[in-house]
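In: Predicted model and sequence below, questions to follow.
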Amino acid sequence: MQKVIRYGLLILVFFGVQSLTVLEAVTLDSKEDRPNIVFILIDDLGWMDLEYQGSEIYKTPEIDKLAEQSLDFQQAYAPHPRCVPSRYGMMTGIFPARSKVPAENFDLLPEDKTFAHKLSNNGYRTGYIGKWHLGSEELGPAGKGFDVSIAAGEAGSPINYFFPYNDTSEKPWKEGKDPIPDLEEGEEGEYLNDRLTDEAIGFIEENQSRPFFLMLSHYAVHQPLEAPDSLRKKFKKVIANHDFGSLPEYILEGTGKTKMRQDNPTYAAMIKNLDWNIGRLLDRLQSLGLDENTIIVFTSDHGGLSNQGTRNRNLATSNFPLRAGKGWLYEGGVRVPLLVKWPGVTKPGVNEEAIISGVDYYPTFLDMALGESPDKEVDGQSFVNILQGEKQGDRGPIFWHTPRARPKGTGDTNSSAVRLGDYKLIHWFDRDEVQLYNVVKDIKERNDLSKKIPQKTEELMKVLSDWKNEWSD
């Protein structure tokens, strides 16, 4: 009898261990099946700042290669035409105006949750490398769901793009804005784009055996415009030999003017270096055997810096044929490149006309990684179904609100806007002026339809007013 019990116990133990082993295997397999996600965010990169988009000056072979492998969203929008509110919208899934951003205090609120919170709590290793600009310490990435935070502080731009990055001996620095943290050690002359990419590759190497979410947020191509001298000299020659034809250098816009030519050699060199570094990152994913299980999302926080107001400044680029640029609610300020490569899911090299907003990333990342929806109410919509080949249904309206004009800096004035279907309405509320454009047929926004189709103007004005009444005091 004792032998029977003993053998029975051995059998139970054996099958119990086997069951645990099977359970562990299932758990491990489910983790391995989860896709990694690399979100590459470029600062101030315009919709026309890429070779595959038609730029004749900027050279981006690595990003072009990514475009050939990706679903290319041609109607993607930033949540706002400036850095902080745009990033706020991306991180929270909420139109920034709903939380009174921009305002005097640009930081995330202590109660704000990002998509990284849920990813980290569900087995993802989350990393944030580069520009944050949404607060420091508990309001920085480490307090907002990211397990690893590198070079992510309160500052919106570096003091220098070359090491030492925080050297103020030759440049003034605004008090109250912390310089870039964590990069105190480095080699003389090291370039920031290169260093951030090295840090990103290091994060991937350290976490290759588990699912990870990496947000690589480059400070480039935000001012100050600085690039390796050899590249700058190369593009100086390219631009000198380029025939811009009858295209004027500037046209008048707002309180200032819009740059119409892509003729800044330093900016071109910065883009070329960024492109090389993106290629390095993608090559490392491939050499580690991670590329087939890693989703790549590439975009910008808003349009390129092409406008100046009453104060003279060094402009970076032209967004033409889009109108205006950073700071403006014309297409040049809010339309951005968006590439998504999801191996086995997205069709490579296809132009997608679905309308996407930066507030959509929050629910989309959760859907990609976990197959779940946000635990809170957000303005964004997951576009995973579009990545899977479905047609976009009722997108609903996309909104913008810019109550902090910069007539000296970028020449813009206070305005709000809504995009619904093919139409976009812009309302300059200080002077109560309205413009309406069919941005599918008139991407340059030169044919104002507000008086030609007053019923559409009235319809969109009501949609915009109702939205503003939801959150305005």
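Out: Received it, and whenever you're ready, just let me know what you need.
In: domain ranges for the protein?
Out: With domains defined by automatic domain parsing, the chain comprises 35-392, 414-473.
In: Check the offset of the last one from the chain's centre.
Out: With CA atoms, centre = their mean, to the nearest Å as the basis, the distance from the averaged C-alpha position of domain 414-473 to the chain average is 25 Å.
In: Next: stretch 120-136.
Out: The answer for stretch 120-136 is 14 Å, by CA atoms, centre = their mean.
In: Renumber starting at 554 from here on
Out: Yes, from this point I'll number from 554; that puts the last item at stretch 673-689.
In: Single out the most deeply packed of the domains of the chain.
Out: domain 588-945 (a mean of 20; mean count of other CB atoms under 10 Å). No exception for glycine: its C-beta is placed from N, CA and C like everyone else's.
In: mind checking the end-to-end distance for it?
Out: End-to-end distance of domain 588-945: 23 Å, with CA to CA, to the nearest Å as the criterion.
In: Also stretch 851-861?
Out: End-to-end for stretch 851-861, by CA to CA: 27 Å.
In: which stretches of the stretch 654-803 of the chain form helices?
Out: 668-674, 745-759, 782-793 (DSSP state H, counting those that start in this stretch).
In: okay, the domains of the chain in JSON lines with distance to residue 955 and mean pLDDT next?
Out: As requested, these are exported to JSON lines (distance: least, CB to CB, whole Å; pLDDT from 0 to 100):
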{"stretch": "domain 588-945", "distance to residue 955": "6", "mean pLDDT": "95"}
{"stretch": "domain 967-1026", "distance to residue 955": "6", "mean pLDDT": "97"}
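In: Kindly reformat those as JSON lines containing distance to residue 952.
Out: Output for the domains of the chain, formatted as JSON lines (distance: least, CB to CB, whole Å):
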{"stretch": "domain 588-945", "distance to residue 952": "5"}
{"stretch": "domain 967-1026", "distance to residue 952": "5"}
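In: can you tell me which of the ones you listed comes nearest to residue 959?
Out: Nearest to residue 959 among the domains of the chain is domain 588-945; the distance by CB to CB comes to 5.8 Å.
In: To residue 960, which of the domains of the chain lies closest?
Out: Comparing the domains of the chain by CB to CB, domain 588-945 comes nearest, at 4.3 Å.
In: From residue 787, how far off is residue 630?
Out: Distance of residue 630 to residue 787, given as CB to CB, to the nearest Å: 33 Å.
In: meant to ask about residue 969, not that
Out: 43 Å.
In: same check, this time on residue 865
Out: Look at residue 865 and residue 787: by CB to CB, they are 27 Å apart.
In: Tell me the strands beside the strand or helix carrying residue 893, with direction?
Out: Of the helices and strands defined by DSSP states H and E, residue 893 is found in strand 888-894. Strand pairing for strand 888-894, determined by DSSP bridges: strand 624-630 (antiparallel), strand 847-853 (antiparallel).
In: circling back: who wins for proximity to residue 699 among the helices of the stretch 654-803 of the chain?
Out: helix 668-674 (5.0 Å).
In: Return the alpha-carbon coordinates of that closest one using CSV.
Out: What follows is helix 668-674 as a C-alpha-only set of coordinates in CSV (Å, rounded to 0.1, in the frame of the first residue of the first chain):
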residue,chain,number,x,y,z
PHE,A,668,0.7,54.4,-22.6
ALA,A,669,4.0,53.3,-21.0
HIS,A,670,2.4,52.7,-17.7
LYS,A,671,0.2,50.0,-19.0
LEU,A,672,2.9,48.4,-21.1
SER,A,673,5.4,48.3,-18.2
ASN,A,674,2.7,46.8,-15.9
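In: Could you list every helix and strand that that helix packs against?
Out: Helices and strands touching helix 668-674, by 3 or more CB pairs under 8 Å, 6 or more residues apart in numbering; DSSP states H and E, are strand 678-683, strand 765-770, helix 914-923.
In: Those: which one's closest to residue 643?
Out: Of all the helices and strands packed on helix 668-674, helix 914-923 comes closest under CB to CB, at 5.3 Å.
In: how big is the angle separating the closest one from strand 847-853?
Out: Interaxial angle, helix 914-923 versus strand 847-853 (axes from the mean of the first three to the mean of the last three CA atoms, to 10 degrees): 170 degrees.
In: what's the angle between helix 914-923 and strand 765-770?
Out: Per the same axes, to 10 degrees, the angle that helix 914-923 makes with strand 765-770 is 150 degrees.
In: outside of the helix or strand following helix 914-923, which residues touch it?
Out: Sequence-wise, the next helix or strand downstream of helix 914-923 (DSSP H and E) is helix 937-940. Outside helix 937-940, the residues within contact range by CB atoms under 8 Å, 6 or more residues apart in numbering are 624, 893, 895, 898-899, 905, 907, 917, 920-921, 945.
In: chain center to the next helix or strand after helix 937-940: distance?
Out: Next along the chain after helix 937-940, taking DSSP H and E as the criterion, comes strand 951-955. Computed by CA atoms, centre = their mean, the chain-centroid distance of strand 951-955 equals 17 Å.
In: quick one: strand 951-955 to strand 624-630, angle?
Out: Using the same axes, to 10 degrees: strand 951-955 against strand 624-630 is 50 degrees.
In: Return the list of strands paired to the helix or strand following strand 951-955, each annotated with direction.
Out: Beyond strand 951-955 in the direction of the C-terminus, DSSP H and E gives the next helix or strand as strand 968-973. Using DSSP bridges, strand 968-973 pairs in its sheet with strand 951-955 (antiparallel), strand 976-981 (antiparallel).
In: Need the residues that contact strand 968-973.
Out: Counting by CB under 8 Å, 6+ apart, 630, 650, 882, 887, 908, 948-955, 958, 977-982, 992, 1013, 1016-1017, 1020-1021 sit against strand 968-973.
In: Repeat that for stretch 995-1011.
Out: Outside stretch 995-1011, the residues that touch it by CB under 8 Å, 6+ apart are 874-876, 883-884, 976-978, 987-992.
In: Repeat the analysis, applying 10 Å as the threshold.
Out: With contacts defined as CB atoms under 10 Å, 6 or more residues apart in numbering, stretch 995-1011 is touched by 600, 627-628, 873-877, 882-885, 888, 973-980, 986-992, 994, 1012-1014.
In: Tell me the span between the first and last residue of that stretch.
Out: First-to-last distance for stretch 995-1011 - CA to CA - comes to 20 Å.
In: between the helices of the stretch 654-803 of the chain, which one is nearest to residue 606?
Out: That would be helix 782-793 among the helices of the stretch 654-803 of the chain, by CB to CB, at 17.4 Å.
In: other SSEs contacting the closest one?
Out: helix 818-840 (3 or more CB pairs under 10 Å, 6 or more residues apart in numbering; DSSP states H and E).
In: what angle separates the helix it packs on from strand 847-853?
Out: Using the same axes, to 10 degrees: helix 818-840 against strand 847-853 is 170 degrees.
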